[in-house]
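Student: generate a structure from the sequence data that follows.
(one chain, ligands or ions: 1)
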Amino acid sequence: MKNNELNQRRLQATPRGIGVMCGFYAEKAENATLWDVEGNEVIDFAAGIAVLNTGHRHPKVMAAVEKQLQAFTHTAYQIVPYESYVSLAERINERVPVAGPAKTAFFSTGAEAVENAVKIARAYTKRPGIITFGGGFHGRTFMTMALTGKVAPYKIGFGPFPGSIYHAQYPNALHGVSTEEALKSLERIFKADIAPDQVAAILLEPVQGEGGFNVAPDDFMQALRKLCDSHGILLIVDEVQSGFARTGKLFASEYYDVKPDLITMAKSLAGGLPLSAVAGRAEVMDAPAPGGLGGTYAGNPLAIAAAHAVLDVIEEENLCERANHLGQHLVEVLNRAKAQCPYIADIRAQGSMVAVEFTDPQTGAPSAEFTKQVQEKALADGLLLLSCGVYGNVIRFLYPLTIPEVQFRKALDIISQSLTH
Ligand code: PMP
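Tutor: Numbers count the residues shown, from 1 in each chain. The predicted structure is shown next:
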């Protein structure tokens with residue numbers, strides 16, 4: 001079966017609303033390499049949109065899933081529970097940077113985790129309001145679409161959306177938003193839209209993923225925590241993209257001297273199987289009444305088995321350290337390219353959550369065109385890169401943290417060539 005033929009069939013059989021980036025179809029994948037149905041090979045720096053921090057088909061993850069396949073694949077945890085769910089919750093509770101004892105509930109997708117974090121926050125505070133941020137991304141369900149701070153393409157034609165959601169500004173030095181201005185935008189919401197005593201939670205990504213790998217400044221996180229404490233508001237951090245060693249720590253929140261009340265996670269939690277979670281302060285997590293949380297597939301046994309193996313691999317292979325090591329190398333390459341590439345406006349990194357932002361050197365405007373050119377050039381040379389950013393003018397790098405050193409160096413050469421030729 002050839003790529004062209006499959007493309008024709010795709011256009012006939014599936015709606016255009018599911019926008020597909022690549023014109024080639026996956027045949028098999030191993031660690032950081034992906035082969036298409038025509039036998040072409042690419043180095044995969046997309047990693048299933050940040051899902052494969054432990055690489056495609058990590059042998060330990062595969063072995064854990066295969067073992068679980070031989071036992072049972074589904075009972076519905078709310079009907080017949082299993083130990084692996086409880087022990088995974090115990091492991092996550094030990095590691096989440098929240099104050100005091102923690103509890104964890106499992107779901108399947110990132111959006112579902114965020115939905116449930118909102119349910120838990122509302123049940124605990126008995127308040128309706130949720131404040132999120134421009135440029136944030138939280139999912140494609142109705143609540144998470146409403147929480148998302150980017151209109152195109154996520155919200156177009158899908159309204160009306162759930163209410164009691166307000167967007168503040170996320171600090172972004174490059175785009176002229178200081179911490180002070182971001183905090184002022186919150187004050188404006190409290191004056192113009194909703195009283196703080198009606199707000200259940202402030203929800204943010206500590207590093208915005210889809211929004212461009214923007215890192216929340218420390219003083220901003222501290223101010224948010226203070227604001228939350230003074231008004232009885234919960235602080236929820238969405239670590240769906242930033243979690244599980246990507247930033248050089250298990251959770252990006254660990255970089256801050258601030259403890260959130262709830263943390264959402266998904267993607268690299270289960271190394272390619274669908275699993276998400278909400279973890280948080282036990283008292284808050286226990287607010288919803290029995291039966292209020294769950295789902296038929298929530299905490300699927302195969303995905304739970306994979307997640308246990310992922311946590312083992314992150315530890316055994318020192319993936320937090322490796323994230324820092326690889327991220328540093330990449331940043332060096334980007335910095336060197338900057339001298340020859342006037343489009344590079346900013347290079348941002350926290351561990352291996354690395355991004356490069358492009359603006360037109362003549363006008364200073366965000367350049368989605370140059371971004372696309374870099375992506376196309378890299379792909380022609382065998383490297384799959386993802387873009388992001390509110391203006392589509394950022395390349396983000398999401399390689400498996402398990403990528404062999406030689407292959408990583410090859411990818412760095414391709415990146416360098418794509419930026420400077
Ligand atoms: N939150 C963040 C920070 C994300 O990056 C994403 C996915 N890109 C989501 C939530 C939604 O996750 P899912 O697509 O699994 O629903």
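
Student: who does residue 203 form a beta bridge with?
Tutor: As for beta bridges, residue 203 partners with residue 236 under DSSP bridges.

Student: quick one: contacts for the closest residue to the ligand within the stretch 1-150 of the chain?
Tutor: Closest to the ligand within the stretch 1-150 of the chain is residue 110: 2.2 Å, counting by Cβ to the nearest ligand atom. Any C-beta I mention is one placed from the backbone N, CA and C, and that applies to glycine too. The contact partners of residue 110, taken as Cβ atoms under 8 Å, 6 or more residues apart in numbering, are 138-139, 238, 240-241, 264, 266-267, 276.

Student: try residue 352
Tutor: With Cβ under 8 Å, 6+ apart, residue 352 has these contacts: 246-248, 323-324, 326-327, 330, 397, 399, 401.

Student: out of those, list just those in strands.
Tutor: residue 397 (DSSP state E).

Student: picking up where we left off before, now the residue of the stretch 1-150 of the chain closest to the ligand. Its backbone dihedrals?
Tutor: Dihedral angles of residue 110 (phi, psi; degrees, to the nearest 10) stand at phi -60, psi -40.

Student: so which residues on the stretch 251-400 of the chain come close to the ligand?
Tutor: Within the stretch 251-400 of the chain, the residues that sit near the ligand (Cβ under 6 Å from any ligand atom) are residue 266.

Student: mind running it again at 8 Å?
Tutor: Taking Cβ under 8 Å from any ligand atom as the criterion, the stretch 251-400 of the chain approaches the ligand at residues 264, 266-267, 274, 276.

Student: which residues touch stretch 163-170?
Tutor: Residues outside stretch 163-170 that contact it (Cβ under 8 Å, 6+ apart): 128-136, 146-147, 149, 177, 181-182, 185-186, 189, 193-194, 204, 208, 211, 214, 216.

Student: if we check the ligand, which of these are in contact?
Tutor: Among the contacts of stretch 163-170, the ligand is touched by 136, 208 when using Cβ under 8 Å from any ligand atom.

Student: just the buried residues out of the contacts of stretch 163-170, in ChimeraX syntax.
Tutor: A single ChimeraX command selects the buried members of those (16 or more other Cβ atoms under 10 Å):
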select :129,130,131,132,133,134,135,136,146,147,149,177,182,185,186,189,194,204,208,211,214,216
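
Student: inside strands: which ones of the contacts of stretch 163-170?
Tutor: Under the assignment DSSP E, the contacts of stretch 163-170 contribute 129-133, 204, 208, 214 to strands.

Student: picking that back up, now flag whichever of the residues of the stretch 251-400 of the chain next to the ligand is closest to the ligand.
Tutor: Distances from the ligand to those, taken by Cβ to the nearest ligand atom, are shortest for residue 266, at 4.9 Å.

Student: what helix or strand is the nearest residue to residue 10 once chain neighbours are set aside located in?
Tutor: What sits nearest to residue 10 in space, not counting adjacent residues and going by Cβ to Cβ, 6 or more residues apart in numbering, is residue 20, at 6.9 Å. Applying DSSP states H and E as the criterion places residue 20 outside every helix and strand.

Student: count of neighbours near residue 20?
Tutor: Residues near residue 20, counting by other Cβ atoms under 10 Å, number 11.

Student: on that earlier part again, any idea how far the residue of the stretch 1-150 of the chain closest to the ligand is from residue 117?
Tutor: Residue 110 is 11 Å from residue 117, where distance means Cβ to Cβ, to the nearest Å.

Student: same thing with residue 208?
Tutor: From residue 208 across to residue 117, the span is 17 Å (Cβ to Cβ).

Student: about what we covered before: which one of the contacts of residue 352 is nearest to the ligand?
Tutor: For the contacts of residue 352, the residue nearest the ligand by Cβ to the nearest ligand atom is residue 246; the value is 11.0 Å.

Student: tell me which parts of the stretch 101-250 of the chain are close to the ligand?
Tutor: Contact residues, the stretch 101-250 of the chain versus the ligand (Cβ under 8 Å from any ligand atom): 109-114, 136-141, 144, 205, 208-210, 238-242.

Student: about what we covered before: where do the contact lists of residue 110 and residue 117 overlap?
Tutor: Counting by Cβ under 8 Å, 6+ apart, the contacts common to residue 110 and residue 117 are 238, 264.

Student: and for the most centrally placed residue in the chain, nearest residue in space, chain neighbours not counted?
Tutor: For the chain, the residue lying nearest the average C-alpha position, counting by Cα atoms, centre = their mean, turns out to be residue 241 (1.4 Å). Distances taken as Cβ to Cβ, 6+ apart put residue 209 closest to residue 241, at 3.3 Å, once the chain neighbours are dropped.

Student: could you pull up the contacting residues of the one you found?
Tutor: Shown in contact with residue 209 (Cβ under 8 Å, 6+ apart): 50, 137, 240-242, 388, 396.

Student: which of these fall in helices?
Tutor: Counting by DSSP state H, the part of these found in helices is residue 50.

Student: do you know the pLDDT at residue 121?
Tutor: Looking at residue 121, its pLDDT reads 99.

Student: outline the domain layout of the chain.
Tutor: The chain breaks down into these domains under the TED database: 3-57+318-419, 72-317.

Student: just the terminal-to-terminal distance for the shortest one.
Tutor: Read it as domain 3-57+318-419. This stretch, domain 3-57+318-419, spans 28 Å end to end (Cα to Cα, to the nearest Å).

Student: having no further points to raise, I will conclude here.
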